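Undergrad: Here's a sequence, model it:
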Amino acid sequence: MRLCYNAHAMDNAFPIIDTHAHLHMDQFDADRATVIERAVAAGVTRMVEIGYDLPSSHAAIALAEAYPQVFAVVGVQANHLDNLPTDWLAQVRALAAHPRVVAIGEIGLDFYWKKAPLEEQEEVLRLQLSLARELGLPVVIHSRDAQADTLRILADTARGQPGILHSFLGDWAFAEGCLDVGFMLSFSGPLTFAKLHDLHDVARRVPATMMLAETDSPYLTPHPHRGRRNEPAHVAYVVRQLAALRNEPLEQVAAQLWANAERVFAKLG
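TA: Down below sits the predicted model:
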């Protein structure tokens with residue numbers, strides 16, 4: 001199937017949520033306000049700004065305070081465990097009390113970079129999963145080269161807890177495991193890459209109520225902008241690809257993604 005991508009075809013047609021972005025990063029220092037304005041003009045009327053350590057979690061809240069379209073997620077990810085203060089979990093708890101915070105994350109496991117041993121990554125993940133359950137917040141999960149251990153921990157600690165596998169890049173076996181735990185799958189720019197057939201298969205088979213779309217800006221830029229900085233307006237390409245792969249009307253898919261995001265991020269409403 002050859003797809004024609006045109007983000008402008010979605011401008012102002014219906015609302016879209018980018019469920020995962022990092023707009024606080026220095027790649028956006030020169031034009032952050034313009035990037036957000038461009039997203040809104042393209043129909044991306046809500047953006048979820050994701051923290052991955054304590055400073056980025058503070059930055060996420062600052063952005064959410066500055067822009068009504070932006071909501072924040074706070075937490076400590078596996079690649080950022082060096083020099084954590086002894087009260088780091090209490091700090092995450094305090095940040096999560098902010099009214100613009102909609103989830104705990106991104107948290108999880110990363111065996112690609114291996115910046116911390118499994119035991120430490122698992123302990124930090126479990127503590128934040130427990131905190132999220134206590135606070136009644138969903139979790140945003142990062143899992144890179146760690147599928148088996150991610151599923152083991154989620155099945156043991158987070159079954160039935162609202163959550164998202166961020167930037168899902170696995171096959172159907174991993175997808176089934178995540179869905180069995182009750183977690184949604186969030187698709188990003190790589191879904192638009194022609195050769196990722198296993199990922200396309202997952203997108204076709206995932207239940208409509210269990211899928212989301214994101215950019216992971218400034219990373220994972222979709223075709224046809226691959227190789228350039230990603231930004232929230234480009235989530236339209238992911239939505240379009242989901243509709244094409246599932247052979248479903250674009251507006252129907254966009255509406256479903258919006259409903260799914262509001263369901264898992266209950267505070268978005």
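
Undergrad: Secondary structure element for the closest residue to residue 246 other than its chain neighbours, which one?
TA: Counting by C-beta to C-beta, 6 or more residues apart in numbering, residue 246 lies nearest to residue 204, which is 5.8 Å off, once chain neighbours are set aside. For glycine as for every other residue, the C-beta is placed from the backbone atoms N, C-alpha and C. Secondary-structure element containing residue 204, defined by DSSP states H and E: helix 197-205.

Undergrad: what residues does that helix touch?
TA: By C-beta atoms under 8 Å, 6 or more residues apart in numbering, the list of residues contacting helix 197-205 from outside reads 168-172, 175, 185, 187, 190-191, 211, 241-242, 245-246.

Undergrad: still on that earlier bit, how far away is the residue nearest to residue 246 from residue 248?
TA: With distances defined as C-beta to C-beta, to the nearest Å, the gap from residue 204 to residue 248 amounts to 10 Å.

Undergrad: For the helix holding residue 204, list every residue counted as buried.
TA: 199-200, 202-203 (16 or more other C-beta atoms under 10 Å).

Undergrad: Please apply the same query to stretch 166-173.
TA: Buried residues in stretch 166-173, counting neighbours by 16+ other C-beta under 10 Å, are found at 166-170.

Undergrad: What of stretch 84-97?
TA: Across stretch 84-97, burial judged by 16+ other C-beta under 10 Å covers 84, 88-89, 91-93, 95-96.

Undergrad: where along this protein do the strands fall?
TA: Secondary structure of the chain (DSSP state E): strands located at 16-21, 44-50, 70-74, 101-110, 139-144, 163-165, 184-187, 211-213.

Undergrad: can those go into JSON lines with extra columns for mean neighbour count, distance to residue 123 and mean pLDDT?
TA: JSON lines is the format used below for the strands of the chain (neighbours: other C-beta atoms under 10 Å; distance: least, C-beta to C-beta, whole Å; pLDDT from 0 to 100):
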{"stretch": "strand 16-21", "mean neighbour count": "29", "distance to residue 123": "24", "mean pLDDT": "97"}
{"stretch": "strand 44-50", "mean neighbour count": "26", "distance to residue 123": "21", "mean pLDDT": "97"}
{"stretch": "strand 70-74", "mean neighbour count": "29", "distance to residue 123": "18", "mean pLDDT": "98"}
{"stretch": "strand 101-110", "mean neighbour count": "27", "distance to residue 123": "11", "mean pLDDT": "97"}
{"stretch": "strand 139-144", "mean neighbour count": "26", "distance to residue 123": "16", "mean pLDDT": "97"}
{"stretch": "strand 163-165", "mean neighbour count": "28", "distance to residue 123": "18", "mean pLDDT": "98"}
{"stretch": "strand 184-187", "mean neighbour count": "26", "distance to residue 123": "25", "mean pLDDT": "98"}
{"stretch": "strand 211-213", "mean neighbour count": "26", "distance to residue 123": "28", "mean pLDDT": "98"}
